[in-house]
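A.B. asks: fold the following.
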Amino acid sequence: VVGASGSGKSSILRLLYRFYDVESGSITIDGQNIQDVTMESLRKTIGVVPQDTVLFNDTIYYNIAYGNPNATEEEVYEAAKKAQIHDIVLGMPLGYDTQVGERGLKLSGGEKQRVSIARMILKDPKIIFCDEATSSLDSQTESDILSALKVTVKDRTAIFIAHRLSTIVDVDEIIVIENGAIVERGDHRTLLNTEGSRYSVMWELQAREHAKEHHQTNLETQDINASN
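C.D. replies: Numbering: from 1, shown residues only. Model (predicted):
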């Protein structure tokens, strides 16, 4: 799901998670209205990886195990491996007993996101919702996180709210939102090759911004080398 800020992308999660209900129409999962099931049942079905990861001021182990309090140690470690955080944790002096600090401040952005993904994997939801989960990360960390997510979402329904369009080129369907309404839908190639489509305009704009940033980085590197 893509669109400009304020277009209604994050509202989809709030509606799906029933933070509030639709005023008209309905939301169904496998044909069943989500208002006809218990809140507990609905939220057990959905796993969320938010943009701003919420971590408790406790250990890494606790924060992952929160996804499924009944999980065994081995299941927690397996979830961490799939999220590509296990080896990183083992490299810390206290391992899984490492305290993450208030809101996870003792971990890097990439580490916090990996813990969040591990927690979601441990929950084992049928539906995965990623709300711009990598938008604040550097390119390499983002690539690593996306690799972990691609393995996780296999054989599940996955919804991604994306800021960087390059992160969603492999999805089955892209939905473009504008003013709370769907204005375009299709796969990456179809939308990109549709002349004048909103998606193709957004793609071109981001490509230019990326090229500009890359050029600026090269100039800064040259300046550093020259000074040395």
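A.B. asks: would you map the strands across the protein?
C.D. replies: For the chain, the strands defined by DSSP state E cover 28-29, 32-33, 46-49, 127-131, 157-161, 174-178, 181-186.
A.B. asks: convert the C-alpha atoms of the last one to PDB, please.
C.D. replies: Spelled out, it's strand 181-186. Output of strand 181-186 as PDB, limited to C-alpha atoms (Å, rounded to 0.1, in the frame of the first residue of the first chain):
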ATOM      1  CA  ALA A 181      -9.500   5.900  -1.800                       C
ATOM      2  CA  ILE A 182      -7.800   3.300  -4.000                       C
ATOM      3  CA  VAL A 183      -6.900   5.100  -7.200                       C
ATOM      4  CA  GLU A 184      -4.600   2.400  -8.800                       C
ATOM      5  CA  ARG A 185      -3.800  -1.200  -8.300                       C
ATOM      6  CA  GLY A 186      -1.600  -3.700 -10.100                       C
END
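A.B. asks: contacts for that strand next, please.
C.D. replies: 8, 173-177, 191, 194, 197-199 (Cβ atoms under 8 Å, 6 or more residues apart in numbering). In short, each C-beta sits where N, CA and C put it, glycine included.
A.B. asks: can you pull out the helices in the chain?
C.D. replies: Using DSSP state H, the helices of the chain run over 9-16, 39-45, 60-65, 73-82, 86-90, 109-123, 139-152, 188-192, 198-227.
A.B. asks: of the ones you listed, which is nearest residue 160?
C.D. replies: helix 139-152 (8.4 Å; Cβ to Cβ).
A.B. asks: dump the helices of the chain to a markdown table, plus distance to residue 99.
C.D. replies: Shown next, in a markdown table, are the helices of the chain (distance: least, Cβ to Cβ, whole Å):
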| stretch | distance to residue 99 |
| --- | --- |
| helix 9-16 | 29 |
| helix 39-45 | 28 |
| helix 60-65 | 8 |
| helix 73-82 | 16 |
| helix 86-90 | 12 |
| helix 109-123 | 13 |
| helix 139-152 | 22 |
| helix 188-192 | 42 |
| helix 198-227 | 35 |
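A.B. asks: pick out the shakiest of those, pLDDT-wise.
C.D. replies: Lowest mean pLDDT within the helices of the chain: helix 198-227, a mean of 75.
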